[in-house]
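K.L.:
compute the structure for the input listed below.
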Amino acid sequence: MGDAQCIVNLRIDRKSFAQLCYLLTHVGGVRDSKYVRVKEKVAMFLSILAHHKKNRIIGHDYVRSGQTISCYFHEVLGSVLKLHSMLLGKPIPVDETCSDETWKWFKGCIGALDRTYINVHVPISEKPKYRTREGNIAVNVLGVCDRDMNFIFALMGWEGSAADARVLRDALTREDGLKVQRGSYYLCDNGKANIPGFLTPYRRVPYHRDAWGNRTTAPQNYKELLNWRHSKARNVIERAFGLL
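P.N.:
Sure, this is the predicted structure:
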């Protein structure tokens, strides 16, 4: 299989596939079984994730039973989770030496957070809880990333109707939840509380340049200036979601 076919079928090239197999073997603990090698296990795992294929489809493609597919999918998934300490981003607060025009105004900031909706199928009786304000049936997913678009935390499972502040509160109170370093903070929108560890923009003040209409293109006061800079920096989480 060439690089083009590998990318189409597994969403990564051959070199990345080989590196992933190496990490899953030497760090995650995946081993060749009697009839299935590590590369095949990882390929089946990536095929399911890349194309949302069902067990019976993967079983047909790889000539394996549904039980075999399920067993090795969970084996590789458990191995991937063991890589979190190596792959998970570790946020670094903005300091006095930062020269980035987007971030240098936010000393101590370690990233941004926001929510996104992921459409799901639920029983008819559950649909009212999962219906968003736009009328879609979805889960409310909280995502947190650093300045380089590396995800450092995600919380999934909340119904689409759940308020953003409620989801954030749950993330902060969980034992393995979101932790904010003392003296640091995340940028977030007005759907969250402006409390220690989180910086929201000024309310009822133009947030984006387009909102200023026919007025002079520059911010008119310090509140508009902060909101504009806040918007430019917080856009990193929107781009991270878009890339994902």
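K.L.:
enumerate every residue touching the closest residue to Cys109 other than its chain neighbours.
P.N.:
Nearest residue to Cys109, sequence neighbours excluded (C-beta to C-beta, 6 or more residues apart in numbering): Val94, at 4.9 Å. Bear in mind the C-beta positions are built from the backbone N, C-alpha and C, glycine included. The contact partners of Val94, taken as C-beta atoms under 8 Å, 6 or more residues apart in numbering, are Trp103, Lys104, Phe106, Lys107, Gly108, Cys109, Ile110, Arg147.
K.L.:
and for Lys104?
P.N.:
Val94, Cys98.
K.L.:
quick one: buried residues of the longest helix along the chain?
P.N.:
Secondary structure of the chain per DSSP state H: the longest helix is helix 222-243. Using 16 or more other C-beta atoms under 10 Å as the test for burial, helix 222-243 gives 224, 226-231, 233-238, 240-241.
K.L.:
just curious, which of those is nearest to Thr132?
P.N.:
Phe241 (15.4 Å; C-beta to C-beta).
K.L.:
so how far is stretch 74-86 off the chain centroid?
P.N.:
Put simply, stretch 74-86 sits 17 Å off its chain's centre (C-alpha atoms, centre = their mean, to the nearest Å).
K.L.:
please export the C-alpha coordinates of it as CSV.
P.N.:
In CSV, the C-alpha atoms belonging to stretch 74-86 read as follows (Å, rounded to 0.1, in the frame of the first residue of the first chain):
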residue,chain,number,x,y,z
HIS,A,74,-10.5,-2.3,22.5
GLU,A,75,-6.9,-3.6,22.9
VAL,A,76,-5.5,-0.8,20.7
LEU,A,77,-7.8,1.8,22.2
GLY,A,78,-6.5,0.9,25.7
SER,A,79,-2.9,1.2,24.4
VAL,A,80,-3.6,4.6,22.8
LEU,A,81,-4.9,5.8,26.2
LYS,A,82,-1.6,4.8,27.7
LEU,A,83,0.2,7.3,25.4
HIS,A,84,-1.6,10.3,26.9
SER,A,85,1.3,11.4,29.1
MET,A,86,3.5,11.5,26.0
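K.L.:
list the buried residues in it.
P.N.:
Glu75, Val76, Ser79, Val80.
K.L.:
where's Pro196, which helix or strand?
P.N.:
Under the criterion of DSSP states H and E, Pro196 resides outside all helices and strands.
K.L.:
same check on Ser33?
P.N.:
Under the criterion DSSP H and E, no helix or strand holds Ser33.
K.L.:
and Cys98, how many neighbours?
P.N.:
The burial count assigned to Cys98 is 17, neighbours taken as other C-beta atoms under 10 Å.
K.L.:
quick check: the gap between it and Ala165.
P.N.:
Separation of Cys98 from Ala165 (C-beta to C-beta, to the nearest Å) stands at 29 Å.
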